[in-house]
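Peer 1: Please find the sequence and the predicted model below.
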Amino acid sequence: MLKTEQVADEPLGKTPAKLKVTLDIDESTKRVIASFIDPETGEVKQQLPAEELVNSAEKLHQLLDRIIDIEV
């Protein structure tokens, strides 16, 4: 998975906090995934698109691969 990282000021509720932003490319769906991580705890505060959507897209992709076999 390809990754890039940076730290950004991001409001978190009423208290501003520093969050690490990582950008990954999901190998199965070829989509960019942004994760906002608390650098002190390592906790993922938010992921875009949400993990559920990424999992659904991957399952749909696998299903379509079974149904449609296209060569380019």
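Peer 2: Sure, I can see it.
Peer 1: Tell me where the protein has helices.
Peer 2: 51-67 (DSSP state H).
Peer 1: now the strands for it?
Peer 2: 3-12, 15-25, 32-37, 44-48 (DSSP state E).
Peer 1: The last one pairs with which strands, parallel or anti?
Peer 2: Next to strand 44-48 in the sheet, as set by DSSP bridges, lie strand 32-37 (antiparallel).
Peer 1: do the same with the second one
Peer 2: Applying DSSP bridges to the sheet, strand 15-25 is found paired with strand 3-12 (antiparallel), strand 32-37 (antiparallel).
Peer 1: what's the least confident stretch among these?
Peer 2: Per-segment mean pLDDT for those reaches its minimum on strand 3-12, at a mean of 54.
Peer 1: Any regions of the chain where pLDDT drops low?
Peer 2: For the chain, the stretches flagged by pLDDT under 70 are 1-17, 70-72.
Peer 1: what do you get if the cut-off is 80, keeping everything else the same?
Peer 2: 1-17, 28-29, 68-72 (pLDDT under 80).
Peer 1: what's across from the residue most central in space within the chain in the sheet?
Peer 2: In the chain, the residue lying closest to the centroid (Cα atoms, centre = their mean) is Ile33, at 2.5 Å. Counting by DSSP bridges, Ile33 is bridged to Asp24.
Peer 1: That one and Asp24 touch, don't they?
Peer 2: Yes: counting by Cβ atoms under 8 Å, Asp24 is a contact partner of Ile33 at 4.7 Å. All C-beta atoms are positioned from the backbone trio N, CA, C, and that covers glycine.
Peer 1: what about Leu23, how many neighbours?
Peer 2: Residues lying near Leu23 (other Cβ atoms under 10 Å) number 14.
Peer 1: same check, this time on Leu19
Peer 2: 20.
Peer 1: Might one say that it is in contact with Phe36?
Peer 2: Yes: assessed by Cβ under 8 Å, Leu19 is found in contact with Phe36 at 4.7 Å.
Peer 1: List the buried residues in stretch 53-66.
Peer 2: 54, 57 (16 or more other Cβ atoms under 10 Å).
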